[in-house]
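# need the 3D shape of this:
(4 chains)
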Number of protein chains: 2
Amino acid sequence: MTLTDLQQDFILHFGEMGNRWGINRTVGQIYALLFLSEEPLNAEQITAGLSISRSNTSMGLKELQSWNLVRQRSRPGDRRDYFTTPDDLWEIVRTLVAERRKREIDPTLTKLRELEMRGPTGDEYADARIAELRELIEMMTQFHDEMERMETERLVQLMTMGRKLGSLLDKAPKMKIWRKTTT
Amino acid sequence: MTLTDLQQDFILHFGEMGNRWGINRTVGQIYALLFLSEEPLNAEQITAGLSISRSNTSMGLKELQSWNLVRQRSRPGDRRDYFTTPDDLWEIVRTLVAERRKREIDPTLTKLRELEMRGPTGDEYADARIAELRELIEMMTQFHDEMERMETERLVQLMTMGRKLGSLLDKAPKMKIWRKTTT
DNA sequence: CATCTGTTTCAGAAATTTCTGAAATAGCCA
DNA sequence: TGGCTATTTCAGAAATTTCTGAAACAGATG
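Just a heads-up that it's a prediction; the model follows:
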């Protein structure tokens, strides 16, 4: 398992970025390696490629699977497990956003609802602040749900509209305003 | 400095979430405390409220300032610094997104461009994968630039459109397709 | 069932991050 | 200037996370 300079550099970079993304160096590196590899790789190849321990590879792959970021494949006549990343980058982005939401947003939404459940605390400012935050997060998660449902084609259309988006919204039928958000 | 149950609970939660958000427990807690407090607080009050060391408070505030997440105020006749979070939640979200992009996306975009600069490596699959990823990130960051420019009012309109967004896009003038992305 | 290949688990080692107390710094005021 | 208050810095302590090697586990095959 020899890596090209490009692979080396890309893998090193992803390892470092891993920190900022809430996954550790090794996990980032494993992902990077799989991302650049046309062929699925098995654990042994990953271990050799990254010069890490076999058990570390195992744990890293487990972590990546918990994020739904890798696919596991088996090859006929080969008992080893092989791993890849999806070909479609949009699918990757969708997964990433969905998982981050699950880990970083949803628990807070749950907590905020729980806090509100208990009723007013006497600290009006804090109560209002929490309600406002909950509403904002709800709006954003609903929007995300909507984007999830959209075809990739549509998403691309939306994202490449640029300045046109503003004028399109002008023409949109005025809607009933339901938000109490951001007084 | 006595905290209500609500504050306690919220602060504890933010402390734990801090991990997942790439900031540490203390920083999360400081932010939570400021978020719920109507009045700006000084470092001494934060230290007492969270039962942490004075120096830890200082470092936490520095970190929050590097994220542009807190405002520093001075009070007439008081030499101490006071801190708050912005009242407008949308402003907070904008800041958060902008900062995360700066830390989590931009460095990778730079790296990808650098790798492409060096020219083809012989590994066609990897080269293509990198180009594709760069294009995707460019599309997304351009979209983000566009959203940044938008009025909050507009953003809310967009986010609350729900199912209507699809039909609106139907009516949008067809655009020249520039993307080579997602083959 | 004994053996062989491949994977996972896990206790402790190693590395990294976070936190503290003490000392340094900074600016105000008499 | 010297004393006072407020803040920051920083070396090392404490806590946490990551990584490894050894052992346990799983399941195919002869």
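# only C-alpha atoms for contact and neighbour calcs from this point on.
Noted.
# does anything pack onto the longest strand seen in chain A? Which helices or strands?
When every strand of chain A is counted residue by residue (DSSP state E), the longest turns out to be strand A:78-84. The criterion is 3 or more C-alpha pairs under 8 Å, 6 or more residues apart in numbering or on different chains; DSSP states H and E, and the helices and strands that strand A:78-84 contacts are helix A:25-36, strand A:41-42, strand A:71-75.
# contacting residues around the following helix or strand past it?
If you walk from strand A:78-84 toward the C-terminus, the next helix or strand you reach (DSSP states H and E) is helix A:89-100. Contact partners of helix A:89-100, identified using C-alpha atoms under 8 Å, 6 or more residues apart in numbering or on different chains, comprise A:67-69, A:86, A:148, A:152, B:133, B:136, B:182.
# now do stretch A:144-161
Judged by C-alpha under 8 Å, 6+ apart, the contacts made with stretch A:144-161 from elsewhere in the structure are A:90, A:94, A:165, B:139-140, B:143, B:162-163, B:166, B:169.
# now, the residues you listed that are in helices?
A:90, A:94, A:165, B:139-140, B:143, B:166, B:169 (DSSP state H).
# just the CA trace of stretch A:24-35, in PDB.
In PDB, the C-alpha atoms belonging to stretch A:24-35 read as follows (Å, rounded to 0.1, in the frame of the first residue of the first chain):
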ATOM      1  CA  ASN A  24     -10.600  12.400  15.600                       C
ATOM      2  CA  ARG A  25      -7.600  12.400  13.400                       C
ATOM      3  CA  THR A  26      -7.600   8.800  12.500                       C
ATOM      4  CA  VAL A  27     -11.200   8.800  11.600                       C
ATOM      5  CA  GLY A  28     -10.700  11.700   9.300                       C
ATOM      6  CA  GLN A  29      -7.700  10.000   7.700                       C
ATOM      7  CA  ILE A  30      -9.600   6.800   7.100                       C
ATOM      8  CA  TYR A  31     -12.400   8.700   5.500                       C
ATOM      9  CA  ALA A  32     -10.000  10.600   3.300                       C
ATOM     10  CA  LEU A  33      -8.300   7.400   2.100                       C
ATOM     11  CA  LEU A  34     -11.600   5.800   1.200                       C
ATOM     12  CA  PHE A  35     -12.800   8.900  -0.500                       C
END
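# near DNA strand C at all, that stretch?
No. Figure legend: stretch A:24-35 not in contact with DNA strand C (C-alpha under 7 Å from any atom of the strand); closest approach 9.1 Å.
# does that stretch reach DNA strand D?
Yes. Contact between stretch A:24-35 and DNA strand D is present through A:24-27 (criterion: C-alpha under 7 Å from any atom of the strand).
# which among the ones in helices among the contacts of stretch A:144-161 gets closest to DNA strand C?
Proximity of those to DNA strand C (C-alpha to the nearest atom of the strand) peaks at residue A:94, which lies at 24.5 Å.
# how many other residues sit next to the closest one?
The local packing of residue A:94 (other C-alpha atoms under 10 Å in any protein chain shown) involves 14 other residues.
# which positions in chain A make contact with DNA strand D?
Proximity of chain A to DNA strand D, by C-alpha under 7 Å from any atom of the strand, involves residues A:19, A:23-27, A:51-56, A:59.
# and those, which two are furthest apart?
Longest distance between any two of the residues of chain A next to DNA strand D is 21.2 Å, between A:19 and A:54; criterion C-alpha to C-alpha.
# of the contacts of stretch A:144-161, buried ones?
Applying a neighbour-count criterion of 16 or more other C-alpha atoms under 10 Å in any protein chain shown, the buried members of those are A:90, A:165, B:139-140, B:143, B:162, B:166, B:169.
# what distance do you get for residue A:66 to residue A:44?
Residue A:66 sits 20 Å away from residue A:44 when distances are taken as C-alpha to C-alpha, to the nearest Å.
# kindly export the helix or strand of chain A with the lowest mean pLDDT (C-alpha atoms) in PDB.
Ranking every helix and strand in chain A by mean pLDDT, DSSP states H and E puts helix A:164-171 at the bottom, with a mean of 82. Presented in PDB, the C-alpha positions along helix A:164-171 are these (Å, rounded to 0.1, in the frame of the first residue of the first chain):
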ATOM      1  CA  LYS A 164     -32.000  35.800  -8.800                       C
ATOM      2  CA  LEU A 165     -33.300  34.200  -5.600                       C
ATOM      3  CA  GLY A 166     -34.100  37.600  -4.100                       C
ATOM      4  CA  SER A 167     -36.200  38.700  -7.000                       C
ATOM      5  CA  LEU A 168     -37.900  35.400  -7.100                       C
ATOM      6  CA  LEU A 169     -39.000  35.800  -3.500                       C
ATOM      7  CA  ASP A 170     -40.300  39.200  -4.400                       C
ATOM      8  CA  LYS A 171     -42.800  37.600  -6.700                       C
END
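# and for stretch A:31-44, what's in contact with it?
Under C-alpha under 8 Å, 6+ apart, the answer for stretch A:31-44 is A:7, A:10-11, A:14, A:46, A:54, A:57-58, A:64, A:70, A:73, A:80-85, B:125-126, B:129-130.
# only the buried subset of the residues you listed, as a PyMOL command please.
Here is the PyMOL command that selects only those of those that count as buried (16+ other C-alpha under 10 Å):
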select buried, (chain A and resi 7+10+11+14+46+57+64+70+82+83+84+85) or (chain B and resi 126+129+130)
